[in-house]
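Participant: quick one: sequence plus predicted model below, questions after.
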Amino acid sequence: MSVQSAKPKSLHGSGREYWTKLRSNIKRDKWLYLLLLPGLIYFIVFKYLPMFGIVIAFENYVPYSGVLGSEWVGLKWFQYFFRFPAWVTYLTNTLILSLMNIVFYFPAPIILALLLNEMRSLRYKKLLQTLLYVPHFISIVIVVSITFVMFGPSGIVYKLTQQILGTTINYMGSPDTFRWMIIGQTVWKETGWGTIIFLAALTNVDTQLYEAAMVDGAGRLRRLWHITLPAIRSTIVLMLILRMGSVLDTGYDHLILMANPLNRKVSQTLDVFVYQQGIQSGQFSYASAIGLMKAVISVTLVVSSNKIAHLLGEQGLY
Amino acid sequence: MKKLVSLVLALVMVLSLASFAAAEEPFEISILLPQFPSDIDFVMENNPVLKAIEEKTGVKLAIQWGPNSTYGDILNTTLADKNPPMLIAATDARAPLIVNSARAGAFWDLSEAVQDEANYPYLAAGNDGVYGNIAVDGHVYGIYRSRAYPRGGIYYRLDIAKEVGFDREVATLDDLTELAEKLAGYSADTYALNMCSYTAGTINVITVAFGAPNAWGVDENGNIYPAHLSPAYKEGLDWLRHLYEIGGIDPNFAQISTSDWDNIERTGKAFMRFDCLDNAHRQQEWFENNAGVTEQIFQSVGTVAKADGSITVWPQNPGFNGEILVLKSAVSEADLPKVLKFLDWCNGPEGQTIINAGLEGLTYDVNEEGFRYVPEEKSDEYSKNSQMYHNNINQMGMGVPGNLESPKSAVNRGATQLRQRYEDLNLLLAPYAVANPCYPFVSETYTAFGAQLDQIISDAAVQYIAGLIDEDGLRAAWEDWAMQGGEMITAEYNDAYHAAMAAE
């Protein structure tokens, strides 16, 4: 296509120059820009416009009075959050869970993708992939229910450990097992789905490299170490940077479903607190303030981890 | 072609105008109500009960249901909705968003309407003290949903108690302990006390029976203090801990969903419960309808005296369970009297009967003496009808002038003895009910942190009962509570309480 061969003008420059260049670019590639339009509208309507709602974090928002009519309270809710030491617990729980997630869940799809990549039978590989994607489409409510049936007091795993160890392990109602159960469920549910992006990266590896390595006498492990892993390194780094942006996100539905009075000490995270304050107690302003704080920290983390990636010689996110 | 289109358009316009003029649309009233689970789904279309209400009042009723287990969430999101229903049943009159919205003017101020005997005789017949209790800053914003006071208590399986050798009335705490211990020994797979993840009711019943205050107490110097600091609170917990130790409570009670609570009794896994007393006759009815039981197998406990002979009872509610609010954003000033007229009707004899009991020939019959009853041979049919057409409509019931049902319910079958006993117990227990002195006050810190703080206390209690923490752990949790805002709430309640005392 002719559009592809001609390079658009570089948009460096300032002021009027920038806009004239942009206009001429749009004029020339109008069809491509038209293609961009639906995505652009989506982001404006669903991502940018709702951002104005953030102002309720600085108000004592009452739905009846509306965003414009509610009383302005400034930083009251932010101060509220730090007024009592409970926030330390929420933050610690959030960070521990996130860290465990990065250490134990994050590598899982990479390992699985590498294993799948080594499969000889293409048909079997395809079948396996499809089966691995299935858990992703199972609602977390169902996953938790299944866990209850298996690990609960009348479940098979509970009974088996009782038989083998002689003592009972209260999987579903103990602060010691809670985080492992959460990680276990996440790994079971999302690992298969997570392989997609890494498998896509693996298809880009030049097969000639493998052939050359084979000629040089490199075994499977050597090829994995010297060709496959370096080839998907940038993808891994990219995913890790994106993951940094959600270090403070633990989700609330999963945790609320698994929480009970016996494990609340460890199941209370920032997201759960936001849900409790915002939806259950109807304190929309307070919840928004904490959510906003989380967002600011997340953006900072993404930007700084991107910087670190640059310093380490990686391409990073942008 | 163009002509044809315009002709059709004109025809449509004429027709719609004609229909507008011919039948005046009935005034539509929308209402959000909590829905409790049942075996058969509620039917909206061609529902004779709804039809009857609509015929009597001339309004069209649009009910929006919110499942009870997440009703708080639904209520909050509904209040934030652009097009909320006209009426909402708020189950917690002190929820932060309800109080804040009331202050912002989201609800119609009904202070004058509830005194207006000429226009709203039944609303005006309500108890002024209770209206005062639900008021926010002195303004009445809702019609309270009156509840039996007191309603909390103890009931147990009479037949099992006899089997394990307990055949007398429970009159003292020692009797209760003996009964619980004997029930615990019934068999290895059954438990004495039915507990689930909702523990507040159970703990309140037993701690108040031991003499602890209801949520907040007033000490000898006239200062407010939290219930858990009273020695009787720990005695109550110790009682439960002891029962747990001897195998009288399911070791996994903290993980049992509230929706399974009834089933544990129905499957014969536990024999005693600390909860709403009216559950005793509901369970009896269930056994009669589903297990062919004909004798009275449940018994509700009356007064339980302490060692010194004194009696204290947890009332479960402050005389009401939430309120019905009228939303300003959905009801115009001109329509307000129509809505209030409807609410007034709901509180009258006709309204109360339909809302609480259903319709004659559908959910009940009337006997020769003019009382409502369910004939034996129709009990299956009527029970099915109740669930399909009438279930949860009683959530709309307020009953502020007291019970005006006509015809009134008749004594019938085993369950009705318990029903009668329930009404007797309400009168018997009322003088011993312990009120929460802080109910009328709003604490800002409690509004912001109360949910988490209550959890600290109740989680610690659960862990103590289950033997996961000892007394030191319990005290550490209480200190944590004080540090996390409990102290500040106590101070705020004290200020409000002293101000109110000084004003009197």
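Facilitator: Happy to help now that I have it. Residues are numbered from 1 along each chain as shown, chains lettered A, B, ... in the order given.
Participant: return the residues of the stretch 201-350 of chain B in contact with chain A.
Facilitator: Counting by C-beta under 8 Å from any C-beta of the partner chain, the stretch 201-350 of chain B comes close to chain A at B:P251, B:N252, B:A254, B:Q255, B:K328, B:S329. No exception for glycine: its C-beta is placed from N, CA and C like everyone else's.
Participant: closest to B:R168 among those?
Facilitator: B:P251 (29.9 Å; C-beta to C-beta).
Participant: okay, B:V339: pLDDT?
Facilitator: Per-residue confidence at B:V339 stands at 96 (pLDDT).
Participant: tell me if I'm right that it and B:S30 touch.
Facilitator: No. Counting by C-beta atoms under 8 Å, B:V339 sits too far from B:S30 to count as a contact (10.3 Å).
Participant: contacting residues around the residue in the stretch 101-250 of chain A that chain B sits nearest to?
Facilitator: Nearest residue of the stretch 101-250 of chain A to chain B (C-beta to the nearest C-beta) works out as A:P153 at 4.4 Å. Shown in contact with A:P153 (C-beta atoms under 8 Å, 6 or more residues apart in numbering or on different chains): A:N170, A:M172, B:P251, B:N252, B:Q255.
Participant: what pLDDT is listed against the second one?
Facilitator: At A:M172 the predicted local confidence, pLDDT, stands at 87.
Participant: surely it and A:M181 touch.
Facilitator: Yes. The criterion here is C-beta under 8 Å, and A:M172 meets it with A:M181 at 7.3 Å.
Participant: coming back round to it: could you work out the most separated pair of the residues of the stretch 201-350 of chain B next to chain A?
Facilitator: Spatially, the most separated pair among these is B:P251 and B:K328, at 50.5 Å (C-beta to C-beta).
Participant: between these two, which is the more surrounded one?
Facilitator: Legend: neighbour count by other C-beta atoms under 10 Å in any protein chain shown for B:P251 and B:K328, higher for B:K328 (19 against 15).
Participant: can you give me phi and psi for that one?
Facilitator: Here the main-chain torsion angles of B:K328 (degrees, to the nearest 10) amount to phi -70, psi -40.
Participant: my guess is it meets B:A106, correct?
Facilitator: Yes. Between B:K328 and B:A106 there is a contact under C-beta under 8 Å: 5.9 Å.
Participant: so what sits against both of those two?
Facilitator: By C-beta under 8 Å, 6+ apart, B:K328 and B:A106 have these common neighbours: A:Y64.
Participant: and the residue of chain A closest to chain B?
Facilitator: For chain A, C-beta to the nearest C-beta, closest residue to chain B: A:G282, 2.8 Å.
Participant: pretty sure that residue is in a strand, no?
Facilitator: No. If the criterion is DSSP: H, G, I helix; E, B strand; the rest coil, then A:G282 is coil and not within a strand.
Participant: and the residue in the stretch 51-200 of chain B positioned nearest to chain A, how far is that from A:S139?
Facilitator: Per C-beta to the nearest C-beta, B:L97 is where the stretch 51-200 of chain B lies closest to chain A, at 2.8 Å. Here B:L97 is placed at a distance of 28 Å from A:S139 (C-beta to C-beta, to the nearest Å).
Participant: tell me which of those two has more neighbours.
Facilitator: A direct count of neighbours by other C-beta under 10 Å for B:L97 and A:S139 places B:L97 higher, at 25 against 10.
Participant: so what's the residue in the stretch 201-350 of chain B positioned nearest to chain A up against?
Facilitator: When scored by C-beta to the nearest C-beta, the stretch 201-350 of chain B has B:N252 as its residue closest to chain A, at 4.4 Å. When contacts are counted by C-beta under 8 Å, 6+ apart, B:N252 touches A:G152, A:P153, A:N170, A:G173.
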